[in-house]
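Peer 1: Predicted model, plus sequence, below.
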Amino acid sequence: MFIRFERIIIALMFALLFAGVTLVAVSAQDENPPQPLVDSSDCGTCHTEFEMSWQNGAHGKSSSNPKFTAAWQQQGSPSACLACHVTGYDEISGKWETEGVSCLACHTDSAGEHPKTSMTVNTEPGACGTCHVDTRFGWNEWQDSAHYQNGMDCANCHDPHSAELKLTGRGTKEPSQLCVNCHKSVSEEAHGIHAAKGVQCTDCHLTQMNVELPPHTVPNHSFQATLTLDSRP
């Protein structure tokens, strides 16, 4: 009887010891919760394809592009430029989080537990308009366009990582293939003869497409047709 009681006591002691170790482990986890991402280089661990596209695109090179650095230094390296050419710029300290327009400029780890939870992303045109704004970037023309009025955002046509057009078929340089995704009937009926002659939609609706424009300038995004083909190569 005494031996059985002694065994019960020993079993209870081991159970309490195990419970104590478990409680300590749980407490330690609570004291060190997952931290939000603070460096875009972390993203490339899983999203290699997106990272490569970003690194080789205009957003990834926005602070290292030779044309930018030359113009920036020529103007005395004004800090105002860094608000758009780097990510997380702090005017007071003069420091920033990441070179270029990085993942963190559009993606937010709001829960602080990625990859357990999803990153949020802002696809509203206004997000792009933070930098692509005013008459230098054609924001006024874009707001007046039928595309904008019908709820389209920049990412409908532009890859946000590479900043290039989402052209169907790798290696193609024919923007009409992108337009046809929505304007198929128009391209086949009213504009069929143009397409047969090799005329691209942008030859009339985005005439500055093939022209090297000054810095901070983009083709007119109102998409209103013009009657000149002077911009064709």
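Peer 2: Perfect, thanks for sending it. Residues are numbered from 1 along each chain as shown.
Peer 1: ok, now how distant is V186 from A225?
Peer 2: Per Cβ to Cβ, to the nearest Å, V186 is found 12 Å from A225. Every C-beta, even on glycine, is put in place using the N, C-alpha and C of the backbone.
Peer 1: got the residue ranges for the helices in this protein?
Peer 2: Secondary structure of the chain (DSSP state H): helices located at 2-31, 48-55, 66-74, 82-85, 125-129, 139-144, 146-149, 176-179, 184-188, 192-196, 202-205.
Peer 1: who's in contact with the spatially most central residue of the chain?
Peer 2: By Cα atoms, centre = their mean, the chain has its centre lying nearest to P160, at 4.1 Å. Counting by Cβ atoms under 8 Å, 6 or more residues apart in numbering, P160 touches 59, 106, 123, 154.
Peer 1: least confident pick among these?
Peer 2: Sorting the contacts of P160 by pLDDT puts T123 at the bottom of the list (75).
Peer 1: roughly how far out does stretch 207-225 sit from the chain middle?
Peer 2: 21 Å (Cα atoms, centre = their mean, to the nearest Å).
Peer 1: How about stretch 57-77?
Peer 2: Stretch 57-77 has its C-alpha centroid displaced from the chain centroid by 19 Å (Cα atoms, centre = their mean).
Peer 1: and the end-to-end length of it?
Peer 2: 23 Å (Cα to Cα, to the nearest Å).
Peer 1: And stretch 147-165, by the same measure?
Peer 2: The distance separating the two terminal residues of stretch 147-165, taken as Cα to Cα, comes to 15 Å.
Peer 1: just to revisit the earlier point, which one of the helices of the chain has the lowest average pLDDT?
Peer 2: helix 2-31 (a mean of 43).
Peer 1: Show me how this protein divides into domains.
Peer 2: Domain segmentation of the chain under automatic domain parsing yields 36-121, 134-233.
Peer 1: Of all those, which one is nearest A127?
Peer 2: Ranking the domains of the chain by proximity to A127 (Cβ to Cβ) places domain 36-121 first, at 6.4 Å.
Peer 1: any idea how far that closest one is from the chain center?
Peer 2: Mean-position distance between domain 36-121 and its chain equals 10 Å (Cα atoms, centre = their mean).
Peer 1: Next one: S63 relative to G100, how far apart?
Peer 2: Using Cβ to Cβ, which is the criterion applied here, S63 is 5 Å from G100.
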